[in-house]
Every structure is written in structure tokens, then in C-alpha cells.
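Engineer: From the sequence below, what's the structure:
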Amino acid sequence: MSTERIVSIIDALPLPVILIGPDERVRAANALVDAIFGADLIGKHYITVLRQPAIIAAIAETRVSRKAGSARYTGRQGPKDTVYRVSVAFADGDVLLTFEDQTTAQEAGQMRRDFVANVSHELRTPLTALLGFIETLNGAAKDDPVARDRFLGIMANEANRMTRLVDDLMSLTRVEEDARVRPRERVALGGLLTSVIKGLEPQANAAGVSVKLDPVGEDETVPGDAGQLVQVFTNLIENGIKYGVAGGEVTVQLQPRAMNTRLRAQVVQVCVADKGDGIAEHHIARLTERFYRVDNHRSREVGGTGLGLAIVKHIINRHRGRLVIESKLGQGTKASVFLPTDTVS
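Structural biologist: Model prediction:
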């Protein structure tokens with residue numbers, strides 16, 4: 001078969017392909033290969049192109065045995081590491097390489113492993129504490145009513161912490177299941193925010209923080225899932241209460257609809273601002289990652305599970321909105337939620 005005919009065939013394939021001739025030089029390659037190895041590969045020795053021992057060994061083995069093989073090829077595109085599964089086949093004296101991008105699958109697998117490890121760690125700590133206190137109550141503190149009451153209080157706190165973690169995990173699962181279903185019922189944000197603030201009054205009073213609603217756009221409605229939006233604003237306002245300053249104020253502002261160039265839609269903006277210690281800039285981009293905490297000790301102390309903002313992000317994504325968090329050390333934190341006023345497909 002002529003080289004021109006071979007080139008036309010491999011150009012039609014949906015995967016990157018390299019054909020190595022009997023002289024061990026690249027005989028043909030399609031345009032998709034350029035993103036991995038660059039252009040102008042034709043005529044180069046395959047070792048100078050591929051370079052990695054695993055794939056070079058697989059090619060040598062296939063040339064000798066004439067049997068198909070495979071190898072793993074790792075590369076880099078811009079700031080991102082890439083992983084390819086390379087199938088190596090003998091074809092009438094030539095060796096044909098096809099590259100299947102495994103990067104997304106590898107990342108998903110790593111995310112699952114990290115998630116399981118984080119959940120295991122989060123559950124292990126309170127479980128270890130519970131088992132330790134149970135052993136103590138069965139032994140040295142068995143007949144000490146003061147110690148017993150103190151340990152039982154700590155045990156209740158640890159059990160509640162595990163309950164909150166399980167509840168958040170279940171909530172995150174439900175949100176992810178509904179991710180592709182667009183909410184269509186109209187939700188009145190003014191009434192919803194008023195209800196959320198009312199429900200958080202005991203917590204705010206206990207923390208010595210006042211929550212003020214500035215309902216500029218109180219009549220605004222958006223297509224949404226009311227239950228999930230309650231979760232969003234409960235989490236954001238609760239964070240303001242927990243991490244604000246005692247005697248301070250959390251401000252909730254509902255702004256009237258306006259055009260948002262980023263979302264290319266009319267949106268309603270809800271801002272939740274506190275006057276707490278603030279967050280260092282390098283933390284902000286990671287705040288919505290699962291189990292990411294700026295201050296592990298303080299987060300656990302106030303009952304955080306490390307999943308709240310991850311749930312918020314997923315809910316807002318489902319509503320085709322946007323979450324922006326701004327903060328400076330010593331100047332508090334502001335979380336802005338942008339929600340389209342019309343259903344977005």
C-alpha cells in the first residue's frame with residue numbers, strides 16, 4: 001500500500017496514530033499526534049520520538065514476536081500531565097501505534113481513592129475517640145460520676161460529628177445524582193433568605209453574631225430547587241456565623257437582577273459577608289474541594305465536615321450559576337452567588 005494511501009487512512013482515525021516502518025523510522029503519523037509529540041515526525045527514528053523505555057521495549061518485542069502488545073506513555077500538555085495507553089501492533093513489516101488518552105480515567109480513579117481515604121480518616125478520628133472513652137468508662141472511670149458525665153458529653157459530640165459527616169456525604173451524593181436535571185420551579189429568594197436567617201437565629205445568638213438581611217431585590221425569583229438553595233445559603237450564612245467575630249455582623253444582601261457577562265444571562269446576586277479573620281489568598285481556589293480546610297482544628301471545633309462548600313458548588317453548578325469567594329486576612333470574607341433568572345439549558 002502506498003504511503004499516501006496509508007496517510008489518508010490514519011488521518012481518518014479518531015485516535016493519535018504513528019506508523020513505524022521496517023527501517024525503524026516514522027513512516028506516517030496523523031495530525032492528532034502533533035499535540036503529543038509535535039509536528040515533523042516523518043523520517044525520524046522512533047527512539048528519538050518516543051524516548052520512554054516502556055514503549056520502546058514494547059515496540060522491540062512486537063517487531064520480534066509479531067504479536068500485539070501495549071505500554072503506558074506519560075506526557076505533558078501545558079500545565080497538565082497526560083497518560084496514554086499505547087497499543088502496539090505488527091502490520092506487514094510495519095509497527096502501528098495507537099494512543100488512547102487515559103488521563104480523565106486516571107484522574108477520576110485518583111479522586112475516588114482520595115475520597116475514600118479522606119472519608120476513612122474523618123470517620124477514624126471520632127471512632128477512635130469513642131472507643132477510647134468506652135474503654136475508660138468500663139475501667140478507671142467506671143465509678144467516677146464526674147468523669148463519666150464529662151466523657152459522655154465528649155462522646156455525644158463525636159457521635160454528632162459522625163452523623164453530620166454521613167448526612168453531608170448523602171447530601172453530596174443526591175446533589176451529584178441530580179446534576180443534569182435543571183430546576184424549573186420559581187423560587188422567591190427574599191422569602192427563602194428570611195426563612196434561612198430565622199432558622200439560624202439560635203446559632204447566631206449563641207455565637208454573639210447578628211445576621212442582617214439587606215433585601216434590595218426582595219421580589220426576585222429564580223428557577224431553582226428550593227430545598228437545595230436553602231442548603232446553599234444555610235451553609236454560607238452558617239460559615240459567616242462560625243468564622244465571624246463575636247459581637248460582629250454577617251450581612252446578607254439580595255441584589256436586583258442584572259446582566260452577567262461571565263454567565264451571559266440575567267442573574268440575581270446574593271452576597272454573604274462577614275467581618276472575621278479572613279482567608280489567605282492561596283487557600284481561596286481550593287475552598288470548594290472536598291475535605292479541604294483552611295484550619296483543620298478550628299473547622300472540627302465548630303463542627304465542620306469539610307464538605308459544605310463542595311455541596312454548595314455542586315448545587316450552584318446544577319442551577320447553572322456561579323460562586324465567587326473573596327477574602328483578605330483581617331478583612332473578613334464575602335461569598336457571592338450568581339443565579340440565572342431564566343431557565344438555562
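Engineer: CA only for contacts and neighbour counts going forward, please
Structural biologist: Fine.
Engineer: Could you give the number of residues near Val175?
Structural biologist: By the criterion of other C-alpha atoms under 10 Å, Val175 has 20 neighbours.
Engineer: And for Phe233?
Structural biologist: Phe233, neighbours per other C-alpha under 10 Å, totals 22.
Engineer: same check, this time on Val116
Structural biologist: By other C-alpha under 10 Å, 12 other residues sit near Val116.
Engineer: ok, now how distant is it from Gly109?
Structural biologist: Per C-alpha to C-alpha, to the nearest Å, Val116 is found 11 Å from Gly109.
Engineer: before we move on, what about Lys313?
Structural biologist: Per C-alpha to C-alpha, Lys313 is found 21 Å from Gly109.
Engineer: same deal with Thr234?
Structural biologist: With the distance defined as C-alpha to C-alpha, Thr234 ends up 32 Å from Gly109.
Engineer: So which of these two has more stuff around it?
Structural biologist: Taking neighbours as other C-alpha under 10 Å, Thr234 and Gly109 compare with Thr234 leading, 20 against 12.
Engineer: what are the ranges of the helices in the stretch 51-200 of the chain?
Structural biologist: Using DSSP state H, counting those that start in this stretch, the helices of the stretch 51-200 of the chain run over 53-65, 103-138, 145-177, 189-199.
Engineer: Now render those as CSV, adding mean pLDDT and distance to Arg257.
Structural biologist: Listed next are these as CSV, based on pLDDT from 0 to 100; distance: least, C-alpha to C-alpha, whole Å:
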stretch, mean pLDDT, distance to Arg257
helix 53-65, 94, 57
helix 103-138, 82, 37
helix 145-177, 85, 26
helix 189-199, 94, 12
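Engineer: which residue packs closest to the spatially most central residue of the chain, ignoring adjacent ones?
Structural biologist: Centroid check for the chain by C-alpha atoms, centre = their mean gives Glu289 as the closest residue, at 4.7 Å. With C-alpha to C-alpha, 6 or more residues apart in numbering as the criterion, Glu289 has its nearest non-adjacent residue at 5.7 Å, and that residue is Ala310.
Engineer: Can you pull the phi/psi pair for the one you found?
Structural biologist: Dihedral pair for Ala310: phi -70, psi -40, per degrees, to the nearest 10.
Engineer: what's the burial count for it?
Structural biologist: The tally of other residues near Ala310 (other C-alpha under 10 Å) stands at 18.
Engineer: For it, give its distance to Ser171.
Structural biologist: Distance from Ala310 to Ser171, counting by C-alpha to C-alpha: 11 Å.
Engineer: Between the two ends of stretch 199-219, how far is it?
Structural biologist: End-to-end distance (C-alpha to C-alpha), stretch 199-219: 21 Å.
Engineer: Tell me the buried residues in that stretch?
Structural biologist: If you call a residue buried by 16 or more other C-alpha atoms under 10 Å, then stretch 199-219 has these buried ones: Ala204, Ala207, Val209, Ser210, Val211, Leu213, Pro215, Gly217, Glu218.
Engineer: go on, stretch 323-342?
Structural biologist: 323, 325-327, 332-341.
Engineer: can you name the two of those that are farthest apart?
Structural biologist: The span of the buried residues of stretch 323-342, defined through C-alpha to C-alpha, is set by Gly332 and Thr341 at 28.6 Å.
Engineer: Help me confirm that Lys212 is found in a strand?
Structural biologist: Yes - assessed by DSSP: H, G, I helix; E, B strand; the rest coil, Lys212 belongs to a strand.
Engineer: Could you name the specific helix or strand carrying the nearest residue to it once chain neighbours are set aside?
Structural biologist: Using C-alpha to C-alpha, 6+ apart and skipping the chain neighbours, the partner closest in space to Lys212 is Thr251 (4.9 Å). Secondary structure from DSSP states H and E places Thr251 in strand 249-260.
Engineer: Likewise for Lys313?
Structural biologist: In this assignment (DSSP H and E), Lys313 forms part of helix 308-318.
Engineer: Now do that helix: which elements does it pack against?
Structural biologist: Helices and strands touching helix 308-318, by 3 or more C-alpha pairs under 8 Å, 6 or more residues apart in numbering; DSSP states H and E, are helix 145-177, helix 226-243, strand 322-327.
Engineer: any idea which of those is most buried?
Structural biologist: With neighbours defined as mean count of other C-alpha atoms under 10 Å, the helices and strands packed on helix 308-318 peak in mean count at helix 226-243, which reaches a mean of 20.
Engineer: and that helix, how far out from the chain's middle?
Structural biologist: Here helix 226-243 is found 19 Å from its chain centre; the criterion is C-alpha atoms, centre = their mean, to the nearest Å.
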